[in-house]
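Novice: Fold the following for me, if possible:
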Amino acid sequence: MKIASYANPDLPKWRMAPGVTRPTLFYRVMRMGCRVFMPGVWKIRVFNRHYEPATGGVVYISNHQSFLDPMLVGFGLQRPLSYMARDTLFKQAAFRRLITSVNAFPVKRGTADVGALKEAMRRIKGGGGVLLFAEGTRTLDGHIGPLLPGVAMLAQRAAQWTVPVVIDGAYECWPRTQKLPSPGSIVVQYGPAIPRDEARKHDPQDFVNLVRTQMIEIQTDIRHRVGRPELKYEM
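Specialist: Sure, this is the predicted structure:
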């Protein structure tokens, strides 16, 4: 079954809608660099880009397979993304300046980091998009793990839209047990945007479970299309 691979036609290439955060020149340059460099190393296919909302604050909820994931989710979108990144990445000054300049902000893993959640809410309510790797860490085996409960708060209180995203193949290219990446084939696929009114109809845990179920269905669809064996889940 063929699926779409075109941008949302309501999203202008250079000018965002009123009230929507615009990418800086540096962000545009870095995104273009990713679009040029990464396909030279990996076969990357991105599908359903038209699900990117043209207006309103957005939470993108993605699985986490490798260090490549922030670039993989962001380079197919027109609007800029902000990234929650673990606080240890901000210790080295030069690297901190680099990732801060492409909209990353720190979060303390393994804790209820209220400051990071407030910063995410501020950016979303300001018309931006925030990417969450809602499992909290990279996968050990390619499966999509349970999602952290803070996802529901951002989706139900701050964001106008919640977009599930699935990355598949990056785990095979760069598992957490491997120091350096290897070439391979990677697919990124966005799911339909969930409006805030729909998100608020659910209990927070039920909403988190719903999003994870959608992500597993997308992953299964991807793996069937590209000829990878299906991953089994206990639902």
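
Novice: got a pLDDT number for the nearest residue to residue 135 once chain neighbours are set aside?
Specialist: Among residues not flanking residue 135 along the chain, residue 145 sits closest, at 4.3 Å (C-beta to C-beta, 6 or more residues apart in numbering). Placement of C-beta: from N, CA and C, glycine included. On pLDDT, residue 145 comes in at 96.

Novice: Same question for the one 4 residues further on.
Specialist: In the predicted model, residue 149 carries a pLDDT score of 86.

Novice: burial measure for it, as a count.
Specialist: For residue 149, the count of nearby residues is 13 (other C-beta atoms under 10 Å).

Novice: For residue 17, see how far away the residue nearest to residue 135 is.
Specialist: Between residue 145 and residue 17 the computed distance is 35 Å (C-beta to C-beta, to the nearest Å).

Novice: thought the residue nearest to residue 135 was touching residue 139?
Specialist: Yes: between residue 145 and residue 139 there is a contact at 6.5 Å, judged by C-beta atoms under 8 Å.

Novice: more neighbours, the two?
Specialist: residue 139 (19 against 16).

Novice: Run the chain-centre distance for the longest strand along the chain.
Specialist: Longest strand of the chain, by residue count under DSSP state E: strand 161-168. Remark: strand 161-168 is offset 6 Å from the chain centroid, using C-alpha atoms, centre = their mean, to the nearest Å.

Novice: Sheet-wise, list the partners of the helix or strand containing residue 59 with their directions.
Specialist: Per DSSP states H and E: residue 59 is located in strand 58-62. Sheet pairing of strand 58-62 (DSSP bridges) gives strand 129-133 (parallel), strand 161-168 (parallel).

Novice: how many neighbours does residue 3 have?
Specialist: 11.

Novice: can you tell me which residues contact it?
Specialist: Shown in contact with residue 3 (C-beta atoms under 8 Å, 6 or more residues apart in numbering): 47-48, 189.

Novice: so how far is residue 190 from it?
Specialist: Taken as C-beta to C-beta, the span from residue 3 to residue 190 is 10 Å.

Novice: Then residue 179?
Specialist: In this structure, residue 179 and residue 190 are 30 Å apart, going by C-beta to C-beta.

Novice: And those two? Which one has more around it.
Specialist: Using other C-beta under 10 Å, the more surrounded residue of residue 179 and residue 190 is residue 190, with 23 against 6.

Novice: Name the residues that touch the strand holding residue 59?
Specialist: Here strand 58-62 makes contact (C-beta under 8 Å, 6+ apart) with 52, 69, 73, 79, 81, 124, 128-134, 147, 151, 154-155, 158-167, 193, 211, 215.

Novice: before we move on, what about stretch 28-48?
Specialist: With C-beta under 8 Å, 6+ apart as the test, stretch 28-48 has contacts from 3-5, 23, 68, 71-72, 74-76, 102, 173, 181, 183-192.
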